[in-house]
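dropping the sequence and predicted coords here.
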Amino acid sequence: MSELSTTAVLCLASASPRRRELLASIGVEVEVHPVDIDETPNGAEAAGDYVTRLARSKASAGAGLSSLPVLGSDTAVVCDGVILGKPDDHYHRLPCCVRCRDVPIRC
């Protein structure tokens, strides 16, 4: 029985365990190099532009951390056109869930 290689083929510039799981589920092994960037929305920035900017910023910041191709990505919760920040803890998640409970999910 031959052993499968687990050599990383991609640098993931994200701390998200879910992104790592998703990539592993399709057989993509990654090096994880979380990067710290400013995730503050720019004024009236549209959600799609915001997420694209963050993903590019993460990829750029991660480029110097590995010789592998770098994947930067991000997700945002948007409710009624307002980009909601990542909740600090469980206590801060509840208002977000209540506010968005009747809003359809769109990817």
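That came through fine.

neighbours of Val30, how many?
20 (other Cβ atoms under 10 Å). (Glycine included, C-beta is placed from N, CA and C.)

repeat for the one 5 residues further on
Burial of Val35, expressed as a neighbour count using other Cβ under 10 Å, amounts to 18.

secondary structure element for it?
Using DSSP states H and E, Val35 falls within no helix or strand.

for this protein, which segments count as helices?
Ranges of helices in the chain, per DSSP state H, are 17-25, 47-62, 90-100.

let me see the mean pLDDT of the second one.
Think helix 47-62. Average pLDDT, helix 47-62: 94.

contacts for that helix, please.
11-14, 33, 35-37, 39, 41-42, 45, 70-76, 78, 81, 83 (Cβ atoms under 8 Å, 6 or more residues apart in numbering).

again, 7 Å this time
For helix 47-62, contacts defined as Cβ atoms under 7 Å, 6 or more residues apart in numbering pick out 11, 13-14, 33, 35, 37, 39, 41, 70-76, 78, 83.

ditto for stretch 10-26
Taking Cβ under 7 Å, 6+ apart as the rule, stretch 10-26 contacts 28, 30-35, 58-59, 61-62, 65-66, 68-73.

that stretch: which residues count as buried?
Within stretch 10-26, the residues that count as buried by 16 or more other Cβ atoms under 10 Å are 10-14, 19-20, 23.
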